[in-house]
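Participant: Pasted the sequence and its predicted model underneath.
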Amino acid sequence: MINRVVLVGRLTKDPELRRTSNDIAVTSFTLAVNRPFARNNDQDQQADFIQCVVWRRQAENVAQFVQKGSLVGVEGRIQTRNYDDQDGNRRYITEVVADSVQFLEPKGSNQGYQDNQNQSSSKQSDYRPRKEEPKKQESSLSDIDIADDDLPF
């Protein structure tokens, strides 16, 4: 059986570091992952909000080095669990237990992302994309001379 998950997304709020009774660090966070090609009528990008949990030293690192808006990559497995709440109702939880969390932006660089998001929402964005130099095209498939007999199909 295979249970493997790989996600790239942004944290929806600051991660929460807790400790078990045995003093083991555990950090929980929610990751917003954009859906590919899924847009509603207003052309807003839709996202899934996925609960993640990470343990031990990696949990301490996540709590220390990422914050709301940080872009991270998560690799792990899906786990389900259930419990009875105070009213006696059975609650089910599905979450990703992370084996690895990769920080995909330099520390503090997501502040620019958050500032840009705040400006976008107030319709006062002065964002102008940097002009990229055109890439040099070394060769294209049309420049290659291959006989039909040389193709394997």
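Facilitator: Cool, the structure landed.

Participant: Now do the contacts for Thr94.
Facilitator: Taking CB atoms under 8 Å, 6 or more residues apart in numbering, we find Thr94 in contact with 51, 78-80. Where you see a C-beta, it was placed from the backbone N, CA and C, and this is true even at glycine.

Participant: who's in contact with the residue nearest to Ala63 when sequence neighbours are not counted?
Facilitator: Using CB to CB, 6 or more residues apart in numbering and skipping residues adjacent in sequence, the residue nearest Ala63 is Leu17, 3.7 Å away. When contacts are counted by CB under 8 Å, 6+ apart, Leu17 touches 25-27, 59-60, 62-63.

Participant: in its sheet, what does the helix or strand harbouring Leu17 sit against?
Facilitator: Per DSSP states H and E, Leu17 falls inside strand 16-19. Sheet partners assigned to strand 16-19 using DSSP bridges are listed as strand 25-39 (antiparallel).

Participant: Please enumerate residues in contact with the strand it pairs with?
Facilitator: 7-20, 45-57, 59-60, 62-63, 66, 72, 74, 96.

Participant: Let's see that with 7 Å instead.
Facilitator: Strand 25-39 is contacted from outside by 7-13, 15-20, 45-56, 59-60, 62-63, 74, using CB atoms under 7 Å, 6 or more residues apart in numbering.

Participant: any chance you could map the strands in this structure?
Facilitator: Applying DSSP state E to the chain gives strands spanning 5-11, 16-19, 25-39, 45-55, 71-84, 90-103.

Participant: Which one of those strands has the poorest average confidence?
Facilitator: When the strands of the chain are compared on mean pLDDT, strand 25-39 scores lowest, with a mean of 87.

Participant: Restrict stretch 83-98 to CA atoms and write it as PDB.
Facilitator: The C-alpha coordinates for stretch 83-98 follow below in PDB (Å, rounded to 0.1, in the frame of the first residue of the first chain):
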ATOM      1  CA  TYR A  83     -12.500  11.300  19.100                       C
ATOM      2  CA  ASP A  84     -15.600  12.100  21.200                       C
ATOM      3  CA  ASP A  85     -16.100  15.800  21.900                       C
ATOM      4  CA  GLN A  86     -17.600  17.300  25.100                       C
ATOM      5  CA  ASP A  87     -21.100  16.700  23.900                       C
ATOM      6  CA  GLY A  88     -20.400  13.000  23.200                       C
ATOM      7  CA  ASN A  89     -20.400  13.500  19.400                       C
ATOM      8  CA  ARG A  90     -17.900  11.500  17.400                       C
ATOM      9  CA  ARG A  91     -15.500  13.800  15.500                       C
ATOM     10  CA  TYR A  92     -13.300  12.700  12.600                       C
ATOM     11  CA  ILE A  93     -10.000  14.400  11.600                       C
ATOM     12  CA  THR A  94      -8.000  13.900   8.400                       C
ATOM     13  CA  GLU A  95      -4.600  15.500   8.300                       C
ATOM     14  CA  VAL A  96      -1.200  15.200   6.700                       C
ATOM     15  CA  VAL A  97       1.500  14.000   9.000                       C
ATOM     16  CA  ALA A  98       4.600  15.600   7.600                       C
END
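
Participant: Right, I'll leave it there.
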